[in-house]
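Colleague: Based on what follows, work out the 3D shape:
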Amino acid sequence: MKELFLETELLMKQAVDHFRSELKQVRTGRASIALLDGVTVDYFGTQTPLNQLANLSVADATLIVAQPFDPSQIAAIEKAILQGNLGLNPSNDGRVIRIPVPSLTEERRKEMVKRAHDMAEHGRNSVRQARRHGNDAIKAKEQEKEIGQDEERRGYEEIQKLHDHYISEIGSTLEAKEAQVMEV
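Modeller: Below you'll find the model as predicted:
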């Protein structure tokens, strides 16, 4: 049973970690290198993460600077940033790419919050799926007479506690991000 609880908790933890990593890509109106985490560049026929092709830095609260290791890739990097649907408009001077991060309008902030809520719902669904997986495994053990009905009930309760913990973690993370996005 202990292995089953650990496996279920690991699945739930992975769902929360995935949600947090996705949430980093939601714009808050401040420049952050994490905004570009999902951007991949076509580098000689291979999709390569932007951070492997350029040195990324935050110049100030509204500007990200990308300095490509290979200057011949400036056009490809600019194209990838534009295609990333991040609402960013890069410009270059032949050596570096400047990516201004415009301040968010109220409407755009609400869109970002809605997107964050969708991500949170996907995270909660993954946690629920992990709970279902754990409960099914407990039910199978009880049907094969490996455990008794009391152990089955305790197992369900333990998995429900894990579920509640990780669901509340997603909720608190979402609230913090929402506050961050809505602050002017």
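
Colleague: Residue 147 versus residue 154, what's the distance?
Modeller: Computed as Cβ to Cβ, to the nearest Å, the residue 154 to residue 147 distance reads 9 Å. (Glycine included, C-beta is placed from N, CA and C.)

Colleague: can you give me the helices for this structure?
Modeller: 2-23, 74-83, 106-143, 149-182 (DSSP state H).

Colleague: can you tell which of these is closest to residue 44?
Modeller: Among the helices of the chain, the nearest to residue 44 by Cβ to Cβ is helix 74-83 (9.3 Å).

Colleague: For the protein, give me the ranges with low pLDDT.
Modeller: Applying pLDDT under 70 to the chain flags residues 184.

Colleague: Show me how it divides into domains.
Modeller: As recorded under automatic domain parsing, the domains making up the chain are 2-24+105-182, 33-100.

Colleague: show me what contacts the residue of the chain positioned farthest from its centre?
Modeller: Each residue of the chain has a distance to the centre, and by Cα atoms, centre = their mean the biggest one is for residue 145: 40.7 Å. Contact partners of residue 145, counting by Cβ atoms under 8 Å, 6 or more residues apart in numbering, are absent.

Colleague: For it, give its distance to residue 113.
Modeller: Note on residue 145: its distance to residue 113, by Cβ to Cβ, is 50 Å.

Colleague: distance of the closest residue in space to residue 71 that isn't next to it in sequence from residue 81?
Modeller: Nearest residue to residue 71 in three dimensions, chain neighbours excluded: residue 95, at 6.4 Å (Cβ to Cβ, 6 or more residues apart in numbering). Distance of residue 95 to residue 81, computed by Cβ to Cβ: 16 Å.
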